[in-house]
Each structure stands twice: as structure tokens, then as C-alpha cells.
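Student: Sequence and predicted structure are below.
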Amino acid sequence: MLNLTNIELTINGKKILHDLNLEVRKGEIHSILGANGTGKSTLSSVIMGLNGYQVKGGQILLDGEDITNLPIHERAKRGITLGWQEPARFEGLTVGEYLKISKKFSGDGFLSPRECLLKVGLAPELYISRAVDGTLSGGERKRIELASVLAMKPKLAILDEPDSGIDSLSIDHIVDVIKTFSRTGSAVLLITHHEEVATIADRASSLCDGTVVKTGEPAAVAKFFRNHCEECPHVNQPAEEVIHNG
Ligand code: ADP
Ligand code: MG
């Protein structure tokens, strides 16, 4: 469904992504493992088409259509959605209004704002009238954002650390929400540090120094990541060396 080929991205003269190849299949959960600074959030921005993340080389195909040079709203129209690592605040909007806007994209018959809140473990009666602002904790905003991505019923949900700032007791809940995405037909690109979250995926890829060094079965990729990448000594080294050393 989504195919990235030989992606190159430079920001202010610094090469951030290079020779990056990645395929996300229709409806699959595909997790991305990578140490801090390896380019995971940058990859999310490139797929979403955020300003300043136009690639220098390579191609992005969505269902065979070349979207490499499409702006963010055109990609959103085609069903790509991004959940931010640091969720945005929407001062002035209530949680209910925010979720209603998101639901507009999914069409009739899909989950209501209430149902989306329940899915992410927030009691609707306590949250639906709250403002989406700094009075919500980081974890609450993260859940509300996840609820909004769910409400959109995207073709591809890019979730950048949906489990960050969420206590370990709630991890099972987040896993459940991620599975809900795939049950309702969305593919998920799942960026996470938690191995127990990463391994719920159908497939996984490991990112190192701005490129994908391994793709495959999640447990195997997680093992590779643990053995070779967790304390990544390869940052700033060419990818070929990483592969040979691995
Ligand atoms: P991760 O999400 O894997 O922790 P990031 O994608 O945030 O990593 O960052 C990858 C690298 O790109 C880092 O070295 C970071 O400093 C750099 N980077 C990301 N965004 C920018 C930017 N806008 N300007 C300059 N450097 C950036
Ligand atoms: Mg990041």
C-alpha cells in the first residue's frame, strides 16, 4: 500500500535519512524500532509530507500513486494521518468538538466521539466537555489524540510513540487501541520504544542512522535491535557498515 524507495532527506545540509526503503502493507501493523535520533519522527514527517520535509531523492507511492511531492492536505485526503510524539493543543476546542471534526473524515456509521474515548480508556462524561489545552496531562492529551486518529478511520495511521508518557499499567490498553485500528481496516506505522508493544505488529523494521537496516518478523527484528542497536554505536556511520557488523 505504502512504498518508500531510496528516500533521501537533508535538513540544513545535514543528511537525516538516506537509502531508506520501507513497505507498509494494507491493514498491517508495522512497527519501527530505533534508538533516539535515528530518524523515526523524521520518517513520520516525511510520510505525512510536513513542511520542510520534502525529500531530496527517492519516491513515495500510496496504492501505486506517486505522492512524493503532494502537500500534507492532499495526503490527508488520501487517508494518511499522523499522531504526534508531542500532541498539539487546540486551545478553545472541547474534546467533543475536536473528535467530531476528526469523525468528519471517516464518514457516517463509524465510531462516535464517545466510543473513541471509551476505546482509549477515558470516561466520556469526564472528558467530552474538557478543553484540549494545558489542563490535560500529557498522557491524557496523548490518549485524546489517539482517539481522534481512530475517529478519522485513516488508511494509514502513523503513531509516533503512542505509548510515551503513558504509565506501564496502561500499556496493555494502548496495545488494545492499536489492535482496534487494524480491526477497523487501518494500517498502522507504529513507532515505539517498548518491545512488548513493538512485537504486537505483523512486521517490523529497524531504523539505524537514518536508514532501514532490517525488516521482518517483529520478534526477530526486536532481537536484532536488542543485540545491535539499543546502545547504537553506529550513529553517524555509513549504513553498509551497520549491516556488515550486524
Ligand atoms: P527519533 O525520532 O528517531 O528520535 P528524529 O527523527 O527526531 O529521531 O531525529 C533524527 C535526527 O535528525 C536527529 O539527529 C535530529 O537532531 C535531526 N533533526 C530532526 N529534525 C530536524 C530539524 N528540523 N533540523 C535539524 N535537524 C533535525
Ligand atoms: Mg522521535
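Tutor: Right, received. Where do you want to start? Just so we're clear, the structure is a prediction, and the values are computed from it rather than from any experiment. Ligands and ions are numbered 1, 2, ... in the order given.

Student: and Glu125, how far is that from Glu140?
Tutor: Per C-beta to C-beta, to the nearest Å, Glu125 is found 15 Å from Glu140. Every C-beta, even on glycine, is put in place using the N, C-alpha and C of the backbone.

Student: Looking at those two, which is more packed in?
Tutor: Glu140 (20 against 9; other C-beta atoms under 10 Å).

Student: Give me the distance between that one and ligand 2.
Tutor: Shown here: Glu140 relative to ligand 2, a distance of 20 Å by C-beta to the ion, to the nearest Å.

Student: Asp133 now?
Tutor: From Asp133 to ligand 2 the distance is 23 Å (C-beta to the ion).

Student: what's the burial count for that residue?
Tutor: Number of residues near Asp133 (other C-beta under 10 Å) recorded here: 13.

Student: Which secondary structure state is assigned to it?
Tutor: Three-state call for Asp133 (DSSP: H, G, I helix; E, B strand; the rest coil): coil.

Student: Which pLDDT value goes with His193?
Tutor: Model confidence at His193, given as pLDDT, is 79.

Student: so how many other residues sit close to it?
Tutor: 15.

Student: swap in the one 5 residues further on?
Tutor: In terms of burial, Ala198 registers 23 neighbours under the definition other C-beta under 10 Å.

Student: check contacts around it.
Tutor: Neighbouring residues of Ala198 by C-beta atoms under 8 Å, 6 or more residues apart in numbering: 31, 33, 190, 192, 204, 218, 221-222.

Student: So for it, what's the pLDDT?
Tutor: 88.

Student: List, one by one, the residues from this protein near ligand 1.
Tutor: Within the chain, the positions lying close to ligand 1 (C-beta under 6 Å from any ligand atom) are 11-12, 14, 16, 34, 36-42.

Student: Buried among the residues you listed? Need that as a selection in ChimeraX.
Tutor: A single ChimeraX command selects the buried members of the residues of the chain next to ligand 1 (16 or more other C-beta atoms under 10 Å):
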select :16,34,38,39,40,41,42
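
Student: Out of the residues of the chain next to ligand 1, which are close to ligand 2?
Tutor: 40-41 (C-beta under 5 Å from the ion).

Student: So which of the residues of the chain next to ligand 1 are in helices?
Tutor: Among these, DSSP state H puts 40-42 in helices.

Student: Just the buried positions in stretch 53-73, please.
Tutor: Neighbour counts over stretch 53-73 (16+ other C-beta under 10 Å) mark 53, 55, 58, 60, 62, 67-68, 70 as buried.

Student: Just the CA trace of it, in CSV.
Tutor: Output in CSV follows, covering the C-alpha atoms of stretch 53-73 (Å, rounded to 0.1, in the frame of the first residue of the first chain):
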residue,chain,number,x,y,z
TYR,A,53,10.4,17.5,5.0
GLN,A,54,10.3,17.4,1.2
VAL,A,55,12.7,14.6,0.1
LYS,A,56,15.8,15.3,-1.9
GLY,A,57,15.6,11.9,-3.6
GLY,A,58,13.5,8.8,-3.8
GLN,A,59,9.8,8.1,-4.2
ILE,A,60,6.7,7.6,-2.1
LEU,A,61,3.9,5.6,-3.6
LEU,A,62,0.4,5.2,-2.0
ASP,A,63,-1.6,2.4,-3.7
GLY,A,64,0.6,2.9,-6.7
GLU,A,65,0.1,6.7,-6.9
ASP,A,66,3.2,8.9,-6.6
ILE,A,67,2.6,11.1,-3.6
THR,A,68,6.3,12.2,-3.2
ASN,A,69,5.5,15.8,-4.0
LEU,A,70,2.0,16.1,-2.6
PRO,A,71,1.3,18.6,0.2
ILE,A,72,0.1,17.5,3.6
HIS,A,73,-3.6,18.1,2.9
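
Student: Understood, closing this out.
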